[in-house]
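In: Just a sequence and a predicted model for now, questions to come.
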Amino acid sequence: MENELMSIKNNAVSLILDARSEKELEELKLQFLGKNGTLTMALKELTKIPIEKRPEVGKLANEVKQIIEEAIENSSANFKTKKIEKIKKIDVTEPGIRPPLGHLHPVTQAIEEIISIFERIGFTRVRYPEIEWDFYAFEALNFPENHPARDDWETFFIEQQPDPKKGPVLLTPHTSSGQIREMEKGKLPIKMLNIAKTYRRQSDVSHTPMFHQFETLVIDKAENISITHLKGVLDYFVKSYFGPDRVSRIRPYHFQFTEPSFETDVSCGVCDGKGCKLCKEGWLELGGAGMVHPNVITNCGLNPEKYAGFASGWGVERVLTMKEGIEIDDIRLLYSNKLEFLEQF
Ligand code: DAH
């Protein structure tokens, strides 16, 4: 009987040490300690041995049971820590989780493209104050005192004591104020590209109270400047920004600070100039331009007999939507921070 018990113990322990999973351990537990297990059956035989030997054999049988139980417990604990180690291990070769990637706002993208187009023909990007005096935004640009743009229905005025010389403080309604700032510096010739935020008291499906304009100004000796330069710059921009097949035109218009003044148009990319729902007559309006008014040149301390120039002021949001050929139902969407909209650009 003692021999049998010892061989059960040895057999059990070696099988337990060889076990490869918790499931195998469970099976071994049943095989040895279960209701019909090897050890249980052997213990039933105890009744058959002489009574005086029973306590000794009984004690041995208990020890064997304990050894088997402990061996199973140890192995099981071992499996558990291995499992945890397995979870903790990091596979550095595993492909990562891609973080969501953003991109520049479509208006910023348009600004960067406009800058690079004008830089190629020698324009320098500048920026001037958005909080400005009336002098720069209107007075020096030859606006008469009663011009409607100077009314607080159209322009945001800031509650501040007007400057005796430069007048009230306001949010600049156009980038043309940069023309005066640039000429005032007195460095000639000028090839300026002023891109800035501009502000007007309007908010509806086709206007936001804050929008962006880009203003060009060229000033040089009068004999070097003619309208053809203006038309050349316009054409170059239209072809670079909208594509080589697009053409431009100028039509007479009126602005206070240019003489002559023009509206500039670009041929419609949807119908190729034939006329469609988007453009109506084959042309899309780009914005204003003209030859700098002699009064403006004088107001900046230069002699209009000697110096001449041309300028243009166009809207960034406008060229952006024209380029994409998109008709945004509500232009305010551009500034709504809606990702579903922005992700399309
Ligand atoms: N400042 C004008 C506006 O906001 C646009 C403009 C017209 C700018 C003619 C110019 C120009 O430089 O020559 O409506």
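Out: Arrived safely.
In: In the stretch 51-200 of the chain, what residue lies closest to the ligand?
Out: Residue nearest to the ligand within the stretch 51-200 of the chain: His174 (3.4 Å; CB to the nearest ligand atom). Quick note: C-beta positions are derived from backbone N, CA and C, even for glycine.
In: For the residue nearest to that residue when sequence neighbours are not counted, which three-state class applies?
Out: Using CB to CB, 6 or more residues apart in numbering and skipping residues adjacent in sequence, the residue nearest His174 is Thr198, 5.5 Å away. What DSSP: H, G, I helix; E, B strand; the rest coil gives for Thr198 is strand.
In: Tell me how many other residues crowd Thr198.
Out: Around Thr198 there are 22 other residues, counting by other CB atoms under 10 Å.
In: and if you look at Ile328?
Out: Applying other CB under 10 Å, we find 15 residues neighbouring Ile328.
In: contacting residues for it?
Out: Counting by CB atoms under 8 Å, 6 or more residues apart in numbering, Ile328 touches 321, 334.
In: For the stretch 101-250 of the chain, just list every one of the helices.
Out: Counting by DSSP state H, counting those that start in this stretch, the stretch 101-250 of the chain has helices at residues 106-119, 134-137, 177-184, 227-242.
In: Show me where the stretch 201-345 of the chain dips below the pLDDT cut-off.
Out: Flagging of the stretch 201-345 of the chain using pLDDT under 70 yields the residue ranges 324-327.
In: where along it do the strands fall?
Out: Under the criterion DSSP state E, counting those that start in this stretch, strands of the stretch 201-345 of the chain are mapped to 210-221, 248-253, 258-267, 283-292, 307-315.
In: helices or strands next to the helix or strand where Ile8 lies in the packing?
Out: Per DSSP states H and E: Ile8 is located in helix 2-18. Where contact means 3 or more CB pairs under 8 Å, 6 or more residues apart in numbering; DSSP states H and E, helix 2-18 is packed against helix 22-33, helix 38-44, helix 54-88.
In: what's the closest non-adjacent residue to Arg150?
Out: Phe138 (5.4 Å).
In: Pick out the residue of the stretch 151-300 of the chain closest to the ligand.
Out: Distances from the stretch 151-300 of the chain to the ligand, computed as CB to the nearest ligand atom, single out Gly288 as the nearest residue at 2.4 Å.
In: was I right about that residue contacting Phe262?
Out: Yes: counting by CB atoms under 8 Å, Gly288 does reach Phe262; the two are 7.1 Å apart.
In: could I get the helices of the stretch 101-250 of the chain as a markdown table with distance to the ligand and mean neighbour count?
Out: Converted to a markdown table, the helices of the stretch 101-250 of the chain look like this (distance: least, CB to the nearest ligand atom, whole Å; neighbours: other CB atoms under 10 Å):
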| stretch | distance to the ligand | mean neighbour count |
| --- | --- | --- |
| helix 106-119 | 14 | 17 |
| helix 134-137 | 10 | 22 |
| helix 177-184 | 7 | 23 |
| helix 227-242 | 9 | 18 |
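In: Up against the ligand, what does this protein have?
Out: Proximity of the chain to the ligand, by CB under 6 Å from any ligand atom, involves residues 174, 176, 215, 255, 258, 261, 287-290, 311-313.
In: how about 5 Å then?
Out: Residues of the chain lying close to the ligand (CB under 5 Å from any ligand atom) are 174, 176, 255, 258, 288-290, 311, 313.
In: Would you list the buried entries among these?
Out: Neighbour-count burial (16 or more other CB atoms under 10 Å) applied to the residues of the chain next to the ligand gives 174, 176, 255, 258, 288-290, 311, 313.
In: Quick check: mean pLDDT of stretch 90-106?
Out: On average, the pLDDT along stretch 90-106 is 89.
In: Give me the buried stretch members for it, please.
Out: Across stretch 90-106, burial judged by 16+ other CB under 10 Å covers Pro106.
In: Centre of the chain to that stretch, how far?
Out: The chain centroid and the centroid of stretch 90-106 are separated by 15 Å under CA atoms, centre = their mean, to the nearest Å.
In: picking that back up, and among the strands of the stretch 201-345 of the chain, the most buried is which?
Out: Of all those, strand 307-315 has the most neighbours on average by mean count of other CB atoms under 10 Å, namely a mean of 24.
In: Any chance you could list what contacts that strand?
Out: Contact with strand 307-315 is made by 174-176, 179, 188, 190, 211-222, 225, 227, 229-230, 233-234, 257-258, 264, 286-292, 297, as judged by CB under 8 Å, 6+ apart.
In: if we look at the sheet, which residues does the residue nearest to Ile250 when sequence neighbours are not counted bridge to?
Out: Spatial nearest neighbour of Ile250, excluding adjacent residues (CB to CB, 6+ apart): Phe262 at 4.1 Å. Beta-bridge partners recorded for Phe262 (DSSP bridges): Pro252, Ala289.
In: okay but Phe262 is in contact with Arg251, surely?
Out: Yes: taking contacts as CB under 8 Å, Phe262 lies within contact range of Arg251: 6.2 Å.
In: so where is the stretch 1-150 of the chain shaky, pLDDT-wise?
Out: Low-confidence regions of the stretch 1-150 of the chain, defined here as pLDDT under 70, do not occur.
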